[in-house]
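Colleague: Here is the input, now give the coordinates:
(one chain, ligands or ions: 3)
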Amino acid sequence: MVRRRLTVWGVVQGVGFRPFVYQLAVRHGLTGYVGNDSAGVIVEVQGEAEQVERFVQDLSAHSPPLARVHRVESIERPAIPETVFTIRPSQTTTDRSSSIPADIATCADCLRELFDPTDRRYRYPFINCCHCGPRFTIIRSLPYDRPATTLAGFALCADCEREYHDPANRRFHAQPIACPACGPKVWLESDDATRIERDDAIRTAVRVLDGGGILAVKGIGGFHLACDATNACAVARLRERKGRMDKPFAVLVKDVDMAKRFAAINDDHAAVLTGPERPIVMLERHPGQGGVIDGVAPDLRTIGLMLPYSPLHHLLLGDRPLVMTSGNRSDEPIARDNTEARERLGELADAFLMHDRDIHSACDDSVIRVFAGREYPIRRSRGYAPLPVKLPRSGKSVLAVGGELKATLCVTSGDRAYLGQHLGDVESPDTLAALDRAAEHLLDLFRIAPDRIACDLHPGYLSADWAARFAERRGIPLVRIQHHHAHVASLLVDANVNGTPVLVACFDGTGYGTDGSIWGGEFFLADGDRIERVGHLKYVPLPGGDAAIRRPYRVALAHLCAAGLPWSDDLPCVAASPSAEQRVLRQQLQRNVNCVPTSSMGRLFDAVASLLGVRHVVNFEGQAAMELEALVDEVAESYPFATTGVDPLVLDPRPLLAAIVADLRTRVPVRLIASRFHVTIAEMIRDIAFRLNAPIVGLTGGVFQNVTLLNLVSHRLQADGRTALTHRQVPCNDGGLSLGQAVIAGGIR
Ligand code: ZN
Ligand code: ZN
Ligand code: FE
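Modeller: Ligands and ions are numbered 1, 2, ... in the order given. Down below sits the predicted model:
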């Protein structure tokens with residue numbers, strides 16, 4: 001007879017861990033108890049040595065789907081007289097250090113009940129259990145118990161009450177538990193002010209979609225606008241109403257089989273698609289898969305597909321795919337509550353499928369690419385937030401606010417960094433309100449009083465002003481972190497690299513440099529807590545600065561000028577630029593007035609896209625580069641480039657531009673030029689790695705959302721015997737910036 005005391009750390013509260021332990025102990029014939037504790041979950045088990053051993057193995061190996069066991073500590077205890085195994089109730093002084101679970105897709109058991117006519121939750125759109133359902137989006141405060149969620153107002157009926165208190169039931173302590181008798185209800189509102197209730201609402205909503213209408217659907221993290229993805233008119237109308245010209249829409253498909261109709265899907269893709277987080281997965285479209293949903297992702301080779309994650313999705317989705325896009329006008333935050341949706345989406349939607357389960361935290365869908373068989377996050381939000389990233393050691397508590405685009409918040413406590421949901425671009429007062437709300441909520445949830453607040457070095461960012469005000473109010477220091485330093489730190493923490501020196505290629509669109517110019521094609525040597533800039537793309541004067549970002553032809557003209565190449569009308573970028581604008585640009589460049597020097601790699605991609613006639617004006621960030629990437633299709637030779645300077649090394653793209661212009665004039669196919677351009681960028685990284693003799697090379701910054709480039713670079717590095725380091729948990733783009741800011745400001749790097 002032996003007795004063991006186990007302490008389990010990780011995401012183990014609010015995920016059905018205690019009933020799981022209870023059932024496991026009973027199965028192994030053990031006595032003892034399980035309870036929540038400030039550390040996580042405490043278990044004491046007593047029985048035959050062999051059974052106790054098996055129990056301990058099963059505890060980690062078969063834990064519930066939502067649980068993330070980070071560590072189990074086990075100590076021997078003296079055996080005591082005891083006959084049963086019990087679940088101890090939560091202490092009300094529940095800790096705040098344990099993790100909060102993210103929102104998780106409807107599980108297989110709940111799905112079975114949802115479509116079982118004999119089940120009391122048949123077609124009930126709020127079905128959930130310990131292993132699935134909303135979490136982060138409905139939690140108001142901790143401890144995570146029902147009164148602290150947006151279900152507080154729904155008193156449990158006798159049946160739900162029984163399930164909730166039965167340790168053997170899979171809804172034991174499932175805080176969002178609900179049924180048609182006692183839980184939230186769904187209804188449909190449309191123009192004629194009729195209100196259709198319950199299941200009729202869902203059936204009518206399906207008819208709206210069938211008829212080519214646009215439906216606003218309240219989901220887990222906010223409202224979506226949905227329409228039939230096979231109906232070209234409906235898709236076009238949605239684009240027009242949303243004011244979204246050609247940015248791709250995500251498509252909700254029933255299952256992996258349906259996904260295979262639209263995209264190439266291997267086992268890795270299928271695993272991410274069907275995972276409990278249910279992100280939008282960026283997949284390679286089937287070539288020639290025209291007709292049905294071309295308008296969904298124009299001019300791109302990829303398509304974002306997603307499987308249903310809420311019971312309502314399952315009920316709405318028949319045998320046709322649905323466009324599912326965030327319920328907002330372009331550049332606004334996602335609509336979260338019913339009143340807000342009516343106000344902001346009234347003109348956009350033909351009908352509203354609403355419900356009365358409030359969303360406390362808005363949370364957009366996550367976006368994932370698959371690289372080297374692994375998840376490669378592009379947007380880390382629903383299903384992932386606010387799960388922590390483990391830090392190499394403890395540092396000061398920090399609140400970090402990210403940059404300007406794709407902002408996320410990050411708060412650190414001990415050796416954990418909690419990353420909040422995607423907040424969008426912080427460019428308007430609307431997004432500042434979202435920032436206020438999200439910051440307050442994160443700090444409150446994890447009960448963190450930050451020692452410092454971190455923001456970007458850029459003097460013009462609204463988020464930096466916000467951070468300055470916050471710092472003043474709280475009387476804590478404000479730490480301004482250079483944009484690319486933050487990217488580098490984010491990568492090193494993400495990839496869990498410590499102690500070894502790493503060369504990092506940090507390529508993106510815009511980051512304010514320590515010399516006041518705009519950086520974005522940078523190389524850093526990170527060694528311990530030192531980050532030194534060891535190389536960069538040669539500066540090019542950019543007339544009008546930010547004005548160039550939406551108009552790649554301006555960047556192309558600037559690059560041609562810098563390379564001493566005349567603006568001749570046979571070049572697509574010259575032909576595309578108004579002659580009056582050309583005159584102004586020429587003067588600005590000649591006199592060097594209102595020109596900002598930039599080493600941006602993102603801008604070089606823009607310049608080449610316009611030079612090739614692929615894209616002269618962009619409607620969303622990264623569009624030109626994405627369309628250029630979509631053209632790459634063959635093995636190609638590198639163009640020439642020059643590497644000059646010593647400390648720092650300078651990559652000179654002028655020979656590259658001259659070679660592209662020569663290729664254009666000899667009518668080399670644009671696809672081949674795009675391929676050769678990508679290969680050249682990969683060769684640039686290879687060259688710097690060789691010159692600096694770097695065994696490990698990190699790749700970060702928004703440019704590396706380009707998986708085609710990532711593949712070209714990592715193959716070359718591997719061929720040279722180097723290790724390529726890429727992101728795993730947070731995006732390489734500015735969505736991962738707050739993590740890097742937090743670790744630098746916290747003194748961890
Ligand atoms: Zn479930
Ligand atoms: Zn009930
Ligand atoms: Fe960036």
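Colleague: excluding its backbone neighbours, what's nearest the residue of the chain found nearest ligand 3?
Modeller: Nearest residue of the chain to ligand 3 (C-beta to the ion) works out as residue 508 at 3.6 Å. Where you see a C-beta, it was placed from the backbone N, CA and C, and this is true even at glycine. Once flanking residues are discounted, residue 508 sits nearest to residue 701: 3.6 Å by C-beta to C-beta, 6 or more residues apart in numbering.
Colleague: same for whatever helix or strand the residue of the chain closest to ligand 3 lives in, what does it pack against?
Modeller: Counting by DSSP states H and E, the element that carries residue 508 is strand 502-512. Applying 3 or more C-beta pairs under 8 Å, 6 or more residues apart in numbering; DSSP states H and E, one finds that strand 502-512 contacts helix 483-494, strand 518-527, helix 601-611, helix 670-691, strand 696-700.
Colleague: Distance from the chain centre to the second one, please.
Modeller: Meaning strand 518-527. 23 Å (C-alpha atoms, centre = their mean, to the nearest Å).
Colleague: just to revisit the earlier point, got the angle between the strand holding residue 508 and helix 601-611?
Modeller: Angle, strand 502-512 to helix 601-611, by axes from the mean of the first three to the mean of the last three C-alpha atoms, to 10 degrees: 70 degrees.
Colleague: Adjacent strands (with direction) for strand 502-512?
Modeller: strand 518-527 (antiparallel), strand 696-700 (parallel) (DSSP bridges).
Colleague: do the first one and ligand 3 meet at all?
Modeller: No: figure legend: strand 518-527 not in contact with ligand 3 (C-beta under 5 Å from the ion); closest approach 7.4 Å.
Colleague: how close does the residue of the chain most remote from its centre get to residue 3?
Modeller: The outermost residue of the chain, judged against the average C-alpha position, is residue 81 (51.2 Å), by C-alpha atoms, centre = their mean. Applying C-beta to C-beta, to the nearest Å, the value for residue 81 to residue 3 is 11 Å.
Colleague: could you give the mean pLDDT of stretch 374-383?
Modeller: Summarised as a single mean, pLDDT over stretch 374-383 is 96.
Colleague: Enumerate the residues of the chain near ligand 1.
Modeller: 107, 110, 129, 131-132.
Colleague: what about 6 Å?
Modeller: 107, 109-110, 128-129, 131-132 (C-beta under 6 Å from the ion).
Colleague: Flag every residue of this structure that's near ligand 2.
Modeller: So far as C-beta under 6 Å from the ion goes, the chain lies against ligand 2 at 156-157, 159-160, 179, 181-183.
Colleague: Using TSV, lay out those residues together with neighbour count and pLDDT.
Modeller: TSV is the format used below for the residues of the chain next to ligand 2 (neighbours: other C-beta atoms under 10 Å; pLDDT from 0 to 100):
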residue	neighbour count	pLDDT
156	19	97
157	15	97
159	13	97
160	21	97
179	19	97
181	13	97
182	16	97
183	23	97
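Colleague: Mind putting the residues you listed into JSON lines with secondary structure?
Modeller: Shown next, in JSON lines, are the residues of the chain next to ligand 2 (DSSP: H, G, I helix; E, B strand; the rest coil):
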{"residue": "156", "secondary structure": "coil"}
{"residue": "157", "secondary structure": "coil"}
{"residue": "159", "secondary structure": "helix"}
{"residue": "160", "secondary structure": "helix"}
{"residue": "179", "secondary structure": "coil"}
{"residue": "181", "secondary structure": "coil"}
{"residue": "182", "secondary structure": "coil"}
{"residue": "183", "secondary structure": "coil"}
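Colleague: which of these sit farthest apart?
Modeller: Farthest pair in these (C-beta to C-beta) is 159 and 183. Separation: 11.1 Å.
Colleague: With respect to residue 223, which of the helices and strands packed on strand 502-512 lies nearest?
Modeller: Using C-beta to C-beta, the helices and strands packed on strand 502-512 put helix 483-494 closest to residue 223, at 30.5 Å.
Colleague: gap between that closest one and the chain center?
Modeller: With C-alpha atoms, centre = their mean, you get 16 Å for helix 483-494.
Colleague: cool, and stretch 672-683?
Modeller: Using C-alpha atoms, centre = their mean, the offset of stretch 672-683 from its chain centre is 28 Å.
Colleague: residues in contact with it?
Modeller: If you take C-beta atoms under 8 Å, 6 or more residues apart in numbering as the criterion, stretch 672-683 is touched by 507, 601, 608, 612, 614, 628-629, 631-639, 641, 656, 660, 663-664, 706, 708-709, 712-713, 716.
Colleague: Just the buried ones from those residues?
Modeller: 507, 601, 608, 612, 614, 628-629, 631-632, 636, 638-639, 641, 656, 660, 663-664, 706, 708-709, 712-713, 716 (16 or more other C-beta atoms under 10 Å).
Colleague: In strands only, show me those residues.
Modeller: Using DSSP state E, the subset of those located in strands is residue 507.
Colleague: Sitting in helices, which of the buried ones among the contacts of stretch 672-683 do you find?
Modeller: Judged by DSSP state H, those include 601, 608, 628-629, 656, 660, 663-664, 708-709, 712-713, 716 as members of helices.
Colleague: Make a markdown table from the residues you listed and add distance to residue 691 and pLDDT to it.
Modeller: A markdown table is the format used below for those (distance: C-beta to C-beta, whole Å; pLDDT from 0 to 100):
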| residue | distance to residue 691 | pLDDT |
| --- | --- | --- |
| 601 | 18 | 98 |
| 608 | 24 | 98 |
| 628 | 27 | 96 |
| 629 | 27 | 95 |
| 656 | 18 | 98 |
| 660 | 24 | 98 |
| 663 | 27 | 97 |
| 664 | 30 | 97 |
| 708 | 25 | 95 |
| 709 | 20 | 97 |
| 712 | 19 | 97 |
| 713 | 16 | 97 |
| 716 | 14 | 97 |
